[in-house]
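Visitor: Sequence plus predicted model, see below.
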Amino acid sequence: MTWLTTLYKSYDELEKRNANLPFEQQVMPICHTLQNAHIHIAINSQGKFLRAEVLEKTQVVLPATEQSAGRSSGLCAHALADKIQYIAKDYVEFGGIKKSGFEFYHAQLKAWCDSEFSHPAVSAVYQYIAKGTVVADLIAEKVLYAQDRQLLTKWHDEGDSPALLKILPKEKGLFDQGSALVCWSVEIPGEPQSKTWLDPSIQQSWIAFDSENGDNTALCYATGENKLVASNHPAKIRHSGDKAKLISANDKSGYTFRGRFLSNDEACNISFEVTQKAHNALRCLLTKQSVFRNDTQVYLAWAVSGKEVPKFNELDLNDLASFLEQTDNVDHTQDLGQAYANQLKRYFKGIKTKNQLDDNEQIALLGLDSATPGRMGILYYRETIAKEFLARLEQWHRDLGWQQRVKINEQWQWVNSAPSLYRVLDGVYGDVLKSADTLKKNLITRLYPCIVEGKPIPQDIMQSAFHRAINRVAYKSDQTWLWLQNVSIACSLIKGFYTRTTNSIIRKEYPMALQQDNTSRDYLFGRLLALANKVEKIALSSSEANRLTTAERFMAQFVNRPSSTWLNISNALVPYQQRLFNNYQGYDKATKALISQITDMFEPADFNSNQKLSPEFLLGFHNQMIWLETHKVEKGQWVKKVNDEQVKENLAETV
C-alpha cells in the first residue's frame, strides 16, 4: 500500500499548484474523470437550446460516479457530460444502434438537481434534456446527420465527410453518432464562466452530492481509518482511452477468495477518497516531462511535495550547454573526465536550486505496464530522498559519460553525456525492436535500476551493443551517422560496465580522453585501427569518399583475429600512404610515426597473438578517432585544433 499512500499524500500538494498550471497539467478533482469531448452544446439558464458545434481533440474533466468512471461494458451514466446515447431521449427515435442509457442519466441528474447540492447550471441542463429534443436540435444544427429520421452510420455523398464523422472511431466499418460525447455551456447573465467543465462551483457541487451517496464504511488499508470504501477503482490512468486498472476486484465467483475469506471485502479495502486522490495524482504526474514512456510501459519519478524533479534517463542538454561553454578551453587530453564531472555537479546543483529541492525531500519512483488491455501492474516502486536521487543520476551520467552526437539549439554537436534510454534501445538491438516490443520493455526494466540504484550494467546488454558497433558493414553508406552514434552508445555501456562490475579483477575506470600511456593490448589495437581508418579516408578522392575503408570492412574480423587481420589491413594501406606521401608529406610522416609509436608499446607476444579482443578495443578505437578529429599536423608535429572544431580537414593548410 506504500505506493498508494504516497500518491494520496501527493494529491494535496499537487492541488495547491493548480492555479499556476495550464489546464492539461492540473490535478483533477475527485469524483471526476477525463474524457474526449466531440460536441459542445450551449443553452441558456431556462434550458433553451442556443447553438452547437463539433470539437476536435478537446479533453474535458466531467463529473462521474465511482461506477461510471470505471465503466467498460453495460450501461452506467456520467453525471453531466456524456454520450448522445445517454443524454438524448430521442436517440432511439432516430434509430440509435446501441441501447439507450437515457433513463439512468435522467434519474441521476434529477436526483442531483433535487438535492441540497443543486446548481443553477445543472438545473438548466436538466430542463433541456427533459424536453427530449437533443438529437433533433443537433441534426438541425448540422452537427449530427440523419436520413429518413435515422442517424447515418456511413457517409455516401461525394466530397468530405462531416466534421463529426472525421473524428469518431469506426466500429466494424460503421460510425455510431450516438457515441459522440457532449459537453455543456450554460450562459447565465452575470456568470463569467459558462463552460461547465471549467466551473469549480459545479465540481464542488457534484463532489458534495456524490460523497453523500455511499454507506459502506470499513477500515481503509491505506490510511488505517474507517472511511467510505470504494467498490470500483478508476481507469484512464495513462490517457483518456486507457482501460487498464491498477486495482480491480469484481470477481466474486469461483474460487477467487474462498477458503481464505468469507467475503471479498476481507481481502482488501481502499477508501473512496484514497483511491480517487491517488489515481488522480498519478494521472497528473504522468503529464510531467520527467516521465519516460516506452509503448504501454511508463516510468516516473516525483517529489511528494509536488516540486519538479529532473528526467531520470537523460540530461537537459540545452541547460547543460551553458556549462559546456564554461569549459571550452579544457585540455581534452588531460582532464576531460574531471571537467565533465565538474559540469555534472554544477548541473545537478543548479536543478536542486531551481526546483527548491531539500536534501531530505521524499522522492518516489514508479514503473507501470499493462499485460492486458484491462489490467495494469507495478513493475517497480521505490522511495528515496532528493539528495540520494540526484546523486544516483549524477553517478549514472558520470559512469556512462562519453562523447555523444546530440542536437543542442538546433545544431548537431558532440557532447559528453550518458546516452538516453531511447538511444540505448537502438544501440543494443537496432531494427529488431520494430517487431519486438517485449524485448524493448525487458531492456528498460533491466536498465532502470542501474540508473536510480547504481546497479552494475548487465554484461549481455553491453556485449550486444559492442557487437552491433563493430559490425560496420551492416550499416548502409548513408548511415555513417548512425554507426558513429552506436559506437558512442557502446562505448558508454562498456565504460559503465567496467566501472560498476562486481568482478574486482576486471573493474577499471576509463577516462573519456585518449590514454596515450595505456599499454593494454585491446586498447592499442583499437588505436591502430582508428589510425588506419583515418589515413585511408584522407587519401580517398572525393569520388570515393562514401565507400567503406579497409579498416571499416574488416572491423569485426579484426576483433576476432587482430594480429593476422592487421597484417592484411597494413598491406592494403600502403597505396594510400603513398598518396599521402605524394601530396601531404607532413601528414604521412606524422601518421607513420604515430603507428610506429603505438606498435612499440605492445609486448611482442601480444602483438603476434590472434586472441580475440575484449570490448576495451572499442574505447581505444573511439578515443583515437576523436583525438584525430581534434588534432592537426603543423610543421611535422601534432597540435590541437583551435576550439576543437569538428570540421573537415584542409590538408593543404595542416601540413
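Guide: That came through fine. Bear in mind the structure is a predicted one, so any value in this text is a computation, not a measurement.
Visitor: Might you list the low-confidence residue ranges for the stretch 201-350 of the chain?
Guide: Counting by pLDDT under 70, the stretch 201-350 of the chain contains low-confidence ranges at 249-258, 289, 314-337.
Visitor: can you give me the strands in it?
Guide: Chain-ordered strands for the stretch 201-350 of the chain, with DSSP state E, counting those that start in this stretch as the definition, fall at 217-219, 226-228, 292-294, 297-303.
Visitor: right, and the ones you listed - which one's nearest Tyr86?
Guide: With respect to Tyr86, and counting by CB to CB, the nearest of the strands of the stretch 201-350 of the chain is strand 226-228 at 25.5 Å. Backbone N, C-alpha and C define where each C-beta goes, glycine included.
Visitor: all strands in the stretch 51-200 of the chain, in order from the N-terminus.
Guide: Listed in chain order, the strands of the stretch 51-200 of the chain (DSSP E, counting those that start in this stretch) span 82-83, 146-147, 150-151, 170-171, 174-175, 181-187.
Visitor: Output those as a markdown table; include the columns mean pLDDT and mean neighbour count.
Guide: Conversion of the strands of the stretch 51-200 of the chain to a markdown table gives the following (pLDDT from 0 to 100; neighbours: other CB atoms under 10 Å):
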| stretch | mean pLDDT | mean neighbour count |
| --- | --- | --- |
| strand 82-83 | 96 | 25 |
| strand 146-147 | 90 | 12 |
| strand 150-151 | 92 | 16 |
| strand 170-171 | 82 | 12 |
| strand 174-175 | 86 | 16 |
| strand 181-187 | 97 | 22 |
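Visitor: Output those as JSON lines; include the columns distance to Leu393.
Guide: Formatted as JSON lines, the strands of the stretch 51-200 of the chain follow (distance: least, CB to CB, whole Å):
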{"stretch": "strand 82-83", "distance to Leu393": "44"}
{"stretch": "strand 146-147", "distance to Leu393": "58"}
{"stretch": "strand 150-151", "distance to Leu393": "55"}
{"stretch": "strand 170-171", "distance to Leu393": "45"}
{"stretch": "strand 174-175", "distance to Leu393": "49"}
{"stretch": "strand 181-187", "distance to Leu393": "41"}
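Visitor: What strands flank the one helix or strand Gln413 maps to, and is each parallel or antiparallel?
Guide: Gln413 is part of strand 411-417, with elements assigned from DSSP states H and E. The partner list of strand 411-417 in its sheet, established with DSSP bridges, is strand 402-408 (antiparallel).
Visitor: Buried residues, the partner strand. List them.
Guide: Along strand 402-408, these residues count as buried under the neighbour rule (16 or more other CB atoms under 10 Å): Trp402, Gln403, Gln404, Arg405, Val406.
Visitor: where does the stretch 551-655 of the chain have low pLDDT?
Guide: Where the stretch 551-655 of the chain drops to pLDDT under 70, the residues are 643-655.
Visitor: Strands of that one, residue ranges please.
Guide: Taking DSSP E, counting those that start in this stretch, the strands of the stretch 551-655 of the chain run over residues 631-634, 637-640.
Visitor: Show me what the first one is packed up against.
Guide: Meaning strand 631-634. The criterion is 3 or more CB pairs under 8 Å, 6 or more residues apart in numbering; DSSP states H and E, and the helices and strands that strand 631-634 contacts are helix 585-600, strand 637-640, helix 651-654.
Visitor: what about the strands of the stretch 201-350 of the chain, which gets the closest to Ser420?
Guide: Scanning these with CB to CB as the criterion, the closest one proves to be strand 292-294, at 9.1 Å.
Visitor: List the buried residues in that closest one.
Guide: Judged by neighbour count (16+ other CB under 10 Å), strand 292-294 contains these buried residues: Phe292, Asn294.
Visitor: So what are the sheet partners of it and their directions?
Guide: Here strand 292-294 has these sheet partners by DSSP bridges: strand 297-303 (antiparallel).
Visitor: Not counting the strand it pairs with itself, show me its contacts.
Guide: By CB atoms under 8 Å, 6 or more residues apart in numbering, the list of residues contacting strand 297-303 from outside reads 10, 238, 285-286, 288, 290-292, 309, 312, 355, 357, 361-369, 379-380, 386, 389, 441, 444-445, 448, 452.
Visitor: Convert the C-alpha atoms of it to CSV, please.
Guide: Taking only C-alpha atoms (Å, rounded to 0.1, in the frame of the first residue of the first chain), the coordinates of strand 297-303 have been written out as CSV:
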residue,chain,number,x,y,z
GLN,A,297,5.3,1.0,-20.2
VAL,A,298,5.8,4.1,-18.1
TYR,A,299,8.4,5.1,-15.5
LEU,A,300,8.1,8.3,-13.4
ALA,A,301,9.8,10.0,-10.5
TRP,A,302,8.2,12.7,-8.4
ALA,A,303,8.6,14.7,-5.2
